[in-house]
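>>> No letters, just coordinates:
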């Protein structure tokens, strides 16, 4: 599989929903496979909250397989022998695209907490500029799970002529109050970390690792489910020799400690806040005073909506809401609720049915 | 209603499940109504995680109504004109009973983090000594919700001859893996607060308020439910004038900030950790290698198990597990699943059906 990782500069800048403007910005982009001469085999992958541009394979920069490697590759559900697959790190992220870790050209210092608020629609608009840059006039599919699914939905609303098919997985047209509440607890843990310094931790050469860790531990609970945690860990006690913290009693505590610790080494706290605020703030129906039908009328793409039965972050009924609205305004939309062993995270894994459904959708006229 | 609040000293001490021993301990006890001459009208109330001995009415110490005032009082579900109602602050708590804030007689300083681990069974054993002290040979009912329901269940197992009826509300025979995981995130936020000082914050005259606040915010999400939060707050933006923190966008965030802040003013962090560890550690079937039936065989009390449909901390299926085990070993047990407007917290409120069910249970032979 041909993989290319590239930092692309956009000198035309971007007007953001908040009213602020980035005069220039960069996107870190990874592509898999080859764009055909008709330039009609492009698939845009939108990543979820903690994902990035590295969606598949291994690269010189990353010896770790991409986050959707089970789905993207030669012969896989999204077949890189057929499609030219593109994934970019979201604006405001911390994996190379312009974000809180980047240098603010006005000050010569890192943006930090002063990086402007970015919304799901802003991401879609930045990806539209990337689309133009690549010379692609219409994506064969725009696809993503969770926060990535929100982008796929918004793409089909914002740029109806540019999207042939949209894959909208494990997501919702807007976050629930509980989703927002959970995110706020995570942000609270980060903001109150003594090393957060009101968001100016970079200037003090410190990192609010403890807050990030607690936030991620909570995140992991929401990505899993009650049943899955019961099956995986039950009430098993942690072996003393492999305890990460002396305070740990149960395996599940140790697992969360491990996952949280690892995440806090790599993720940026200001990006965490920005990304979760974007997730909380998304409401597909916002531009039409809450009428999802009115907004979805514009869609020309064919939709595939997939939910997973064990997902309690964006449960199946959220997928069905999208299907219902689509039906009401005669948009072609298939909605499938799959058995998922991994709660919300199920969309990351290549179950046989999930793969067949994606393949069938890609082949369909 | 006659209310009496009293600190009772127990010089005989208590052997704890952990193997440690308290040579002496105090319980802060509140009573409502009058013990009759036959001493057979006593009802023991067991409080939940953040509750205390002040269950009803107002007192000289507390101008705030007790936490179960909707249920306990003259003419109410638990009628203090008929019953002598007793509630004590759990050992290890922070409302007057011996706990991390008390003076360790060996050192002359506060116990702090060195207060021994206390279990649900230890609480029941300490309440048994209180029972003897009051000269009550058999409770007409032992009752509680959530962590209090675990104590009511354990009372009927540990002291079968001392309990005529047990009211076991909004609880489970053991915490799920997800319950444990949520508690661990709360503890993590507390332990990593810069003012926690490894649990020695009292010695430094500081308080890990930020950690306590984040932990409580998360707690509130688990006590509520997705539907309730949606109904109560939806995606309404917080009015700028009443924002608690500048970072708040939504009403639900503001609400959690407010609740968390208030709690962190009054609760002790070491108690928080101790109480949640007791909750995580409880498993009614533990003494019988996981066989709930074997353990419940001993029960002589009549059981009333109540679950609430909107409770996702201890959902209805957890109540039904208790009923099923009771049926299998011929224990008299009624199980009712009620509509609850308040998620897990529904047991705190006096809906008409809930009140009638409790009254009927108390009157039954």
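Received it, and whenever you're ready, just let me know what you need. For clarity, every value in this text was computed on a predicted model and none was experimentally measured.
>>> Could you chop chain A up by domain?
Here chain A is described, according to automatic domain parsing, as comprising the domains A:3-174+A:283-363, A:179-277.
>>> For residue B:181, which of those is the nearest?
Evaluated with CB to CB, the domains of chain A place domain A:179-277 nearest to residue B:181, the distance being 4.9 Å. Heads up, the C-betas are built off the backbone N, CA and C, glycines and all.
>>> what about that closest one, near chain B?
Yes. Using CB under 8 Å from any CB of the partner chain, a contact is recorded between domain A:179-277 and chain B, made by A:180-182, A:184-185, A:187-189, A:191-194, A:210-211, A:213-214, A:217-218, A:220-221, A:224-226, A:229-230, A:232-235, A:247-250, A:252-253, A:256-257, A:260, A:277.
>>> So which bits of the helix or strand bottoming out on mean pLDDT in chain A are buried?
Per-element confidence for chain A was summarised using mean pLDDT, DSSP states H and E. The lowest value among helices and strands belongs to helix A:226-232, with a mean of 88. When burial is assessed from 16 or more other CB atoms under 10 Å in any protein chain shown, helix A:226-232 yields the following buried residues: A:226, A:227, A:228, A:229.
>>> Surely the last one is in contact with residue B:182?
No. Taking contact to mean CB atoms under 8 Å, the distance of 10.2 Å between residue A:229 and residue B:182 leaves them out of contact.
>>> Need the overlap of contacts for the two.
Common contact partners of residue A:229 and residue B:182 (CB atoms under 8 Å, 6 or more residues apart in numbering or on different chains): residue A:221.
>>> Residues of the stretch 251-365 of chain A that sit close to chain B?
For the stretch 251-365 of chain A, the residues in contact with chain B (CB under 8 Å from any CB) are A:252, A:253, A:256, A:257, A:260, A:277, A:280, A:281, A:283.
>>> show me the contacts for residue A:348.
Counting by CB under 8 Å, 6+ apart, residue A:348 touches A:67, A:68, A:70, A:71, A:145, A:342.
>>> same question, residue A:231
When contacts are taken as CB under 8 Å, 6+ apart, residue A:231 is in contact with no other residue.
>>> what does residue A:263 give?
Applying CB under 8 Å, 6+ apart to residue A:263 gives the contacts A:50, A:212, A:213, A:216.
>>> Mind telling me what element the nearest residue to residue A:221 once chain neighbours are set aside is part of?
Ranked by CB to CB, 6 or more residues apart in numbering or on different chains and with sequence neighbours excluded, the top spatial neighbour of residue A:221 is residue B:181, at 4.9 Å. Secondary-structure assignment from DSSP states H and E places residue B:181 in helix B:177-191.
>>> What strands flank the helix or strand encompassing residue A:166, and is each parallel or antiparallel?
Under the criterion DSSP H and E, the helix or strand holding residue A:166 is strand A:165-169. Sheet pairing of strand A:165-169 (DSSP bridges) gives strand A:141-145 (parallel), strand A:302-308 (parallel).
>>> Just name the most buried of the ones you listed.
With neighbours defined by mean count of other CB atoms under 10 Å in any protein chain shown, none of these is more surrounded on average than strand A:141-145, at a mean of 29.
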